[in-house]
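Visitor: Need the 3D shape of this:
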Amino acid sequence: NAPRPGERLKVQLDGFEVPRDAYDAIISSGDVTCAEIAARPGKPVLHLGPERDHALFAGYDAPRVGVEAADYVVCSGLFNDDTETPEDYRDLLGKMLGRKLPMICANPDLVVERGERLVYCAGAVADLYGQLGGDVLYAGKPHRPIYERALALADQVRARATPLERVLAIGDSIRTDVTGAEKQGIDCLFITGGIHAEELGHRENPDLPTLQ
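Guide: Numbers count the residues shown, from 1 in each chain. Down below sits the predicted model:
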């Protein structure tokens, strides 16, 4: 779940000093979002999210406009996730709802760890829009399209079909990683020291009864 195309994520992983021989390919919720944008050529779009996510629209006929002129919305995050919360968007979401604008959520995560803080992601804004009655298409986990694309890419890299019993999902979110793996019928390795660490008692030594 990242609101940027997979090719852009290689640079980010380089910054984390992840060697490129540690992976064969990348597929992201940003890639699924790009496919949805490509399927709407020429349609004006309202972008909710920071400038760093403009790569989603690169090379596509997708003029970015305001809420009154848009045919649909792409939400890649909050404009300023250091200071804003989803509630800051309630009035704008109301205007979107009044125009019945469908939303593509480029990152279904509610929060992400940034250092020692949790900051809101696009999924939190999208969920509020859905609660208000808006139509939301979620491009990433735990929804099926991202898994279908990931498995198709794995088949391509391996030059043969990938049986589900050989697939392992790894993540720190019950909402996206664990739920998505369960829905797809694949095993999951749950990272307890991630976004749920405080709920589980301690980052280094989680409380197992709470986890169960």
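Visitor: longest helix anywhere in this structure?
Guide: helix 144-158 (DSSP state H).
Visitor: what's that helix packed up against?
Guide: Using 3 or more CB pairs under 8 Å, 6 or more residues apart in numbering; DSSP states H and E, the elements in contact with helix 144-158 are helix 29-38, helix 179-184. Quick note: C-beta positions are derived from backbone N, CA and C, even for glycine.
Visitor: For Leu128, find the nearest of these.
Guide: helix 29-38 (18.3 Å; CB to CB).
Visitor: So what's the gap between that closest one and the chain middle?
Guide: With CA atoms, centre = their mean, to the nearest Å as the basis, helix 29-38 stands 11 Å off its chain's centre.
Visitor: List the buried residues of that helix.
Guide: Within helix 29-38, the residues that count as buried by 16 or more other CB atoms under 10 Å are 29-34, 36-37.
Visitor: Over to stretch 196-203?
Guide: 196-197, 200.
Visitor: How about stretch 144-154?
Guide: 145-147, 149-151, 153-154.
Visitor: tally of neighbours for Ile174?
Guide: Residues within reach of Ile174, counting by other CB atoms under 10 Å, total 15.
Visitor: from memory it sits against Glu199, does it?
Guide: No: applying CB atoms under 8 Å, one finds Ile174 not in contact with Glu199, separated by 9.3 Å.
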